[in-house]
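> Sequence plus the predicted model coming up.
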Amino acid sequence: MFSPKTNLQKNPSSKKVNKNTGLLLRDYPADSAAPIIPHVHLNIANKPVYCLQYSGDGKQILCGLGDSSLLLYKSSISGNPTVYTGHDKPVSSVSWSLNRQWWLSASEDQTLRIWTHGRPEPAIIMADSMFSKAIRSAQFYYLDKFLLFASGPSLYLYLYNVDITHDDIKRYQQRSVVKLARCFKTMSATDITGLSAANDFFSYIVLVCGSDRSIQVFDMNKGAVASELHDAHSRAIHCITQNKTKHPEWQYVKQLFPLHISIAYSAKFTWNSSEQRTSRKMELEMASQTPVLTLLMEI
């Protein structure tokens, strides 16, 4: 007669293999201070580094250089970078898409290019004939649905579609398309020197800084400037950023959400946009641009 075996011993479960992620951590400890010791100091070219940005997973770094080239590094800065060329003047801005399959570069030559992995030619080229002045800042926006960038006093919002298929005979024929969705103007028609917007989640707030030292808050729902801070710095602002986390449930993130940072040549300010006041000021001693890339592992 068949009788079930009830005294079977389970095989010991195999131990999970802990992957060595090196320098990468999924979450930085909230109770730890931010690192202040440089990890890498690397001379990469004979031209200054104009801009850089980590990919969303922290594994790659894009660098835009003053010699018009674009370098793609691993986050460890080991090995030779992948070099992309095509611009005629210094690269003023770089940005990653959320899926990390595309990235863009904007330049003083009044062009914007979108690149893809494994292809030396850009998938999209927005030519200088479309803009009257150099593109100072550019990024993907609204979960990669739009391209958002500034040229002169104008803030452009473009729809786009990346198509990397091509005919070998017509190799340089661009199949990707772009379409202007909206164009906004700053108050007092001041030239935009920098912008910041969240791409990881739906956000209608866009921060721009102008050559007149002002900071303007655009409400993209209304298509107008909702707020303006006059004389935010004693000199022209060249960089602005805001908290772009997609984990707003964290308590300390809620406290940081309305904050943004602007940087001019001599000082850095932390602002509270909900109250239009300065939260913190840091005096900076900044030398002229040098061809050195220094990385800090920051929060």
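Thanks, I have it. In this text the structure is predicted, and so the values were computed from the model without any measurement.

> and Leu157, how many neighbours does it have?
Counted by other Cβ atoms under 10 Å, the residues lying close to Leu157 total 19. To be clear about C-beta, it is placed using only N, CA and C from the backbone, and glycine gets the same treatment.

> Same check on Gln53?
16.

> Asn80 too?
Neighbours of Asn80 (other Cβ under 10 Å): 7.

> Quick check: the gap between it and Leu72.
10 Å (Cβ to Cβ, to the nearest Å).

> ditto for Ile164
17 Å.

> quick one, which of these two is more surrounded?
Neighbour totals were compared for Ile164 and Leu72, and Leu72 leads with 17 against 14 (other Cβ under 10 Å).

> how would you label that one: helix, strand or coil?
Following DSSP: H, G, I helix; E, B strand; the rest coil, we place Leu72 in the strand state.

> quick one, strands of the stretch 151-299 of the chain?
Here the stretch 151-299 of the chain has its strands, by DSSP state E, counting those that start in this stretch, at 154-161, 177-185, 192-197, 205-210, 215-219, 224-229, 237-242, 259-264, 267-272, 277-283, 292-295.

> least reliable of these going by mean pLDDT?
Ranked by mean pLDDT, those end with strand 292-295 in last place, scoring a mean of 39.

> Give me the nearest residue to the residue nearest the centre of the chain, chain neighbours excluded.
Compute the mean C-alpha point of the chain, and by Cα atoms, centre = their mean the closest residue is Ser95, 4.2 Å away. Spatial nearest neighbour of Ser95, chain neighbours left out: Gln139 (4.0 Å); criterion: Cβ to Cβ, 6 or more residues apart in numbering.

> Quick check, the one you found in contact with Ala197.
Yes - between Gln139 and Ala197 there is a contact at 6.6 Å, judged by Cβ atoms under 8 Å.

> Which neighbours do the two have in common?
Counting by Cβ atoms under 8 Å, 6 or more residues apart in numbering, the contacts common to Gln139 and Ala197 are Leu148.

> Could you measure from Thr186 over to Met126?
Distance from Thr186 to Met126, counting by Cβ to Cβ: 20 Å.

> sorry, back to before: quick one: what helix or strand has the residue nearest to Ser95 in it?
Assigned by DSSP states H and E, Gln139 falls within strand 135-141.

> Count the neighbours of Tyr204 for me.
Residues near Tyr204, counting by other Cβ under 10 Å: 14.

> How about the contacts made by it?
Contacts of Tyr204 by Cβ under 8 Å, 6+ apart are Asp219, Met220, Asn221.

> And Ser154, by the same measure?
Residues near Ser154 by Cβ under 8 Å, 6+ apart: Cys183, Phe184, Lys185, Thr186, Ile192.

> and the nearest residue to the fourth one once chain neighbours are set aside, backbone torsions?
Which is Thr186. Spatial nearest neighbour of Thr186, excluding adjacent residues (Cβ to Cβ, 6+ apart): Pro153 at 4.9 Å. Here is the backbone geometry of Pro153 (degrees, to the nearest 10): phi -90, psi 10.

> I'd like to know how many residues surround Pro153.
19.

> That one against Thr193, yeah?
No - Pro153 lies out of contact with Thr193 (Cβ under 8 Å); the separation is 10.8 Å.

> quick one: common contacting residues for the two?
Gly210.

> what's the span of stretch 107-114, first residue to last?
12 Å (Cα to Cα, to the nearest Å).

> Go through that stretch and flag the buried ones.
Ser107, Glu108, Asp109, Gln110, Thr111, Leu112, Arg113, Ile114 (16 or more other Cβ atoms under 10 Å).

> Distance of Pro81 relative to Ala181?
34 Å.

> who has more neighbours, those two?
Pro81 (17 against 14).

> Can you show me the helices along this protein?
251-256 (DSSP state H).

> tell me the domain ranges of it?
40-185, 188-291 (automatic domain parsing).

> Least reliable of those domains by average pLDDT, please.
Among the domains of the chain, domain 188-291 scores lowest, with a mean of 71.

> Could you verify my assumption that Gln101 touches His117?
Yes - taking Cβ under 8 Å as the definition, Gln101 is a contact partner of His117 at 6.2 Å.

> can you pull the buried residues of stretch 59-70?
Neighbour counts over stretch 59-70 (16+ other Cβ under 10 Å) mark Gln60, Ile61, Leu62, Cys63, Gly64, Leu65, Gly66, Asp67, Ser68, Ser69, Leu70 as buried.
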